[in-house]
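Asker: dropping the sequence and predicted coords here.
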Amino acid sequence: MDHRELNNPAEGKRTKGDITTIEDIRLLVDTFYGRARLDTLVGPIFNETIQDRWPEHLAKLYNFWQTVLLGEHTYYGSPFMPHSKLPIAKPHFERWVQLFHATLEELFTGPKADEAKQRAVLMAEMFQYKLSSIAQDGTVPIR
């Protein structure tokens, strides 16, 4: 049995370790999006956009983070494009990062967890930059 799966009977929690497997990625993604869907700021956007396609969306996110954090290339696509027409702004990205970091801190510790935090911040900044450029130029992103 993997050490990350062990429960600590005194605390009733699993032992924190780093992100090393696809199971860790699934735990991160499922926990984070379970919380994000209930959040009063970002939840309505996620739920309205994704609707009943959550299993498909979560599978893409497993692949995305598996590619980014574990170096196992399972994601093919452009993560920005699906977000380019959403009604999202700086407060949405700030909340997304806040929830993502809180989930990471609760579940994991180690270099990959730290990398995930850094990558989330960089991704949020890049998405905001691209959305701002589109708004200023009045252009449509190339698909």
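Answerer: Received, thanks.
Asker: going along the chain, name the helices of this structure.
Answerer: 22-38, 43-50, 54-70, 90-107, 111-137 (DSSP state H).
Asker: with only the CA atoms kept, save stretch 65-72 in PDB.
Answerer: Extracted as PDB, the C-alpha positions of stretch 65-72 are listed here (Å, rounded to 0.1, in the frame of the first residue of the first chain):
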ATOM      1  CA  TRP A  65      -1.900  18.100 -14.700                       C
ATOM      2  CA  GLN A  66      -0.400  14.700 -15.300                       C
ATOM      3  CA  THR A  67       1.400  16.300 -18.300                       C
ATOM      4  CA  VAL A  68       2.400  19.400 -16.400                       C
ATOM      5  CA  LEU A  69       3.500  17.900 -13.100                       C
ATOM      6  CA  LEU A  70       4.500  14.300 -13.800                       C
ATOM      7  CA  GLY A  71       5.900  14.800 -17.300                       C
ATOM      8  CA  GLU A  72       3.700  12.100 -18.700                       C
END
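Asker: what sits up against that stretch?
Answerer: 19-22, 25, 28-29, 73-75, 112, 115-116, 119 (C-beta atoms under 8 Å, 6 or more residues apart in numbering). To be clear about C-beta, it is placed using only N, CA and C from the backbone, and glycine gets the same treatment.
Asker: pick the one among those residues closest to Tyr129.
Answerer: Nearest to Tyr129 among those is Arg119, at 15.3 Å by C-beta to C-beta.
Asker: for Gln51, see how far away the closest one is.
Answerer: 27 Å (C-beta to C-beta, to the nearest Å).
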